[in-house]
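In: coords please:
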Amino acid sequence: MKRIGIVLMLLAGRSALVIAQAPQGPPMMPYTAIHQPEFVPASEATFLQDDDILLGVTSGAVARAFPAADLAQHGAVFNQLPDGPVSVTWCGVCNTGLVFRAVVKGRTLHFQYDRMVGGNEVQKDMETGTSWQQATGEAIDGPLKGTRLQLYPVVRTTWAEWRRRYPHTTVLKPLPGYAERMPALSSRIKAATRVGPDGAPKGALALDARLPARETVAGLEVGREAVAYPFSALRVARVVNDRVGGQPVVIVHQPSSDTTTAFEARAKGKALTFQAANDDASSVIDRETRSTWNAYGLCLEGPLKGTQLKQVILVPQFWFAWSQFHQGTRVFTAQ
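Out: Got it, this is the predicted structure:
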């Protein structure tokens with residue numbers, strides 16, 4: 001018996017040694033905002049895979065990509081664009097990626113993580129100490145309480161789709177130590193977008209049972225009306241003609257990349273309705289003039305060639321986050 005006990009102790013010690021020597025994942029890095037970002041050309045963005053999710057912004061001839069897996073390690077990235085400073089934000093708990101103009105009452109603001117409210121990040125600006133709810137852009141306490149940040153046009157898409165559209169884009173360069181964690185984070189974000197984890201996270205304010213708590217939706221608010229377009233329904237419908245806040249709108253969803261865009265469905269004073277021109281809705285046709293448009297609101301062929309539809313800013317995020325801050329929201333269902 002003594003010999004057996006010794007053998008078991010040796011095996012246990014060996015197992016512990018193997019576990020100790022097993023390769024560990026990259027260490028957690030400090031969760032801190034980036035206020036002086038660096039960018040690299042697309043050709044140097046070797047840290048990205050084609051299906052990685054990102055937030056893309058443009059200003060004039062400038063196109064910049066902010067990988068979600070990097071944003072998720074910082075919460076906010078300050079950036080100076082040709083038309084002014086912006087804050088590119090991401091809340092990993094509620095899968096929310098938004099861009100705001102980083103100017104309030106003529107003052108440039110820099111944001112840093114503060115706390116969580118309702119399962120959504122609250123960020124505090126360093127200039128006034130005001131706290132801002134990331135999902136809504138509203139100041140919830142501090143000197144600027146009640147103020148709302150202005151949304152900046154953004155597209156949530158994949159690296160392959162963004163690079164195809166903007167081959168000369170630059171990409172946010174990960175800080176030392178952060179790139180190593182991006183593959184695992186990217187896989188998690190992609191998986192959660194396809195099939196969200198069960199249940200709402202701890203701290204969610206209210207639960208609306210019409211959709212699973214962590215179903216990804218594209219939220220749209222026009223005037224006093226709010227609508228949630230579940231990605232699962234958009235993958236089926238691809239093109240949605242709707243009226244929100246009294247305005248005709250069109251939502252275009254490209255299933256291959258889950259790229260969702262929305263526009264005022266009006267050109268030269270006339271309301272338009274659209275249908276997909278191909279399986280992925282990378283181009284659409286309006287029924288009134290039979291003109292052909294790309295998924296980004298630009299008319300390529302037909303009587304309206306050269307016309308650009310006005311973009312409507314969508315808010316992609318988990319259902320629990322959209323519904324708790326937009327109670328009474330309408331939910332789109334595919335027919």
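
In: do you know how far F66 is from S323?
Out: Counting by C-beta to C-beta, to the nearest Å, the gap between F66 and S323 amounts to 26 Å. In this view, the C-beta of every residue, glycine as well, is placed from N, C-alpha and C.

In: phi, psi of A68?
Out: The phi and psi torsions at A68 (degrees, to the nearest 10) take the values phi -60, psi -40.

In: Now do the same contact list for it.
Out: Applying C-beta atoms under 8 Å, 6 or more residues apart in numbering to A68 gives the contacts D52, I53, L54, L55, W90, G97, R156, L185, S186, I189.

In: a markdown table for those, including pLDDT, distance to A213 and secondary structure?
Out: Formatted as a markdown table, the contacts of A68 follow (pLDDT from 0 to 100; distance: C-beta to C-beta, whole Å; DSSP: H, G, I helix; E, B strand; the rest coil):
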| residue | pLDDT | distance to A213 | secondary structure |
| --- | --- | --- | --- |
| D52 | 98 | 25 | coil |
| I53 | 98 | 20 | strand |
| L54 | 98 | 25 | strand |
| L55 | 98 | 23 | strand |
| W90 | 98 | 19 | strand |
| G97 | 97 | 18 | strand |
| R156 | 98 | 20 | strand |
| L185 | 96 | 21 | helix |
| S186 | 97 | 22 | helix |
| I189 | 96 | 17 | helix |
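
In: Among these, which one sits closest to A277?
Out: A277 has its nearest neighbour among the contacts of A68 in R156, at 22.3 Å by C-beta to C-beta.

In: Pretty sure the closest one sits against A262.
Out: No - the pair R156 / A262 is not scored as a contact, 11.7 Å apart, by C-beta atoms under 8 Å.

In: Touching both of those two, which residues are there?
Out: Both R156 and A262 are contacted by L314, under the criterion C-beta under 8 Å, 6+ apart.

In: F263 and R290: what is the separation?
Out: Relative to R290, and taking C-beta to C-beta, F263 is found at 18 Å.

In: More neighbours: those two, which one.
Out: F263 (23 against 11; other C-beta atoms under 10 Å).

In: Ramachandran coordinates for the more buried one?
Out: phi -150, psi 160.

In: show me what contacts it?
Out: Residues near F263 by C-beta under 8 Å, 6+ apart: V249, V250, V252, G297, L309, K310, Q311, V312.

In: make it 7 Å
Out: Taking C-beta atoms under 7 Å, 6 or more residues apart in numbering as the criterion, F263 is in contact with V249, V250, G297, L309, K310, Q311, V312.

In: So what's the residue count around the fourth one?
Out: Residue neighbour count, defined by other C-beta under 10 Å, stands at 23 for L309.

In: same deal with the fifth one?
Out: Counted by other C-beta under 10 Å, the residues lying close to K310 total 13.

In: cool, the second one as well?
Out: As a burial measure, V250 scores 24 neighbours (other C-beta under 10 Å).

In: wait, isn't it in contact with V244?
Out: No - with contact defined as C-beta atoms under 7 Å, V250 does not reach V244; the gap is 10.7 Å.

In: Isn't L185 up against A69?
Out: Yes - with contacts counted by C-beta under 7 Å, L185 reaches A69, the gap being 4.0 Å.

In: out of the two, which sits in the more crowded spot?
Out: Neighbour count, other C-beta under 10 Å: between L185 and A69, A69 has more, with 27 against 19.

In: That one belongs to a helix?
Out: Yes - assignment of A69 by DSSP: H, G, I helix; E, B strand; the rest coil places it within a helix.

In: which ones are touching it?
Out: A69 sits next to D52, M182, L185, S186, I189 when contact means C-beta under 7 Å, 6+ apart.

In: switch the cut-off to 8 Å
Out: A69 makes contact with D52, I53, R181, M182, P183, L185, S186, I189, according to C-beta under 8 Å, 6+ apart.

In: what ranges of the stretch 1-150 of the chain fall below the confidence cut-off?
Out: Under the criterion pLDDT under 70, the flagged ranges of the stretch 1-150 of the chain are 1-25.

In: Do a quick rundown of the helices in it.
Out: 2-21, 68-71 (DSSP state H, counting those that start in this stretch).

In: coming back round to it: export the contacts of A69 as a markdown table, with columns for distance to P197.
Out: What follows is the contacts of A69, written out as a markdown table (distance: C-beta to C-beta, whole Å):
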| residue | distance to P197 |
| --- | --- |
| D52 | 20 |
| I53 | 16 |
| R181 | 19 |
| M182 | 20 |
| P183 | 19 |
| L185 | 15 |
| S186 | 16 |
| I189 | 12 |
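
In: Selection in PyMOL covering whichever of these are buried, please.
Out: What follows is the PyMOL syntax selecting those of the contacts of A69 that are buried according to 16 or more other C-beta atoms under 10 Å:
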select buried, resi 52+53+181+182+185+186+189
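
In: Would you point out the most distant pair within the contacts of A69?
Out: Spatial extent of these (C-beta to C-beta) is set by the pair I53 and R181 at 15.2 Å.
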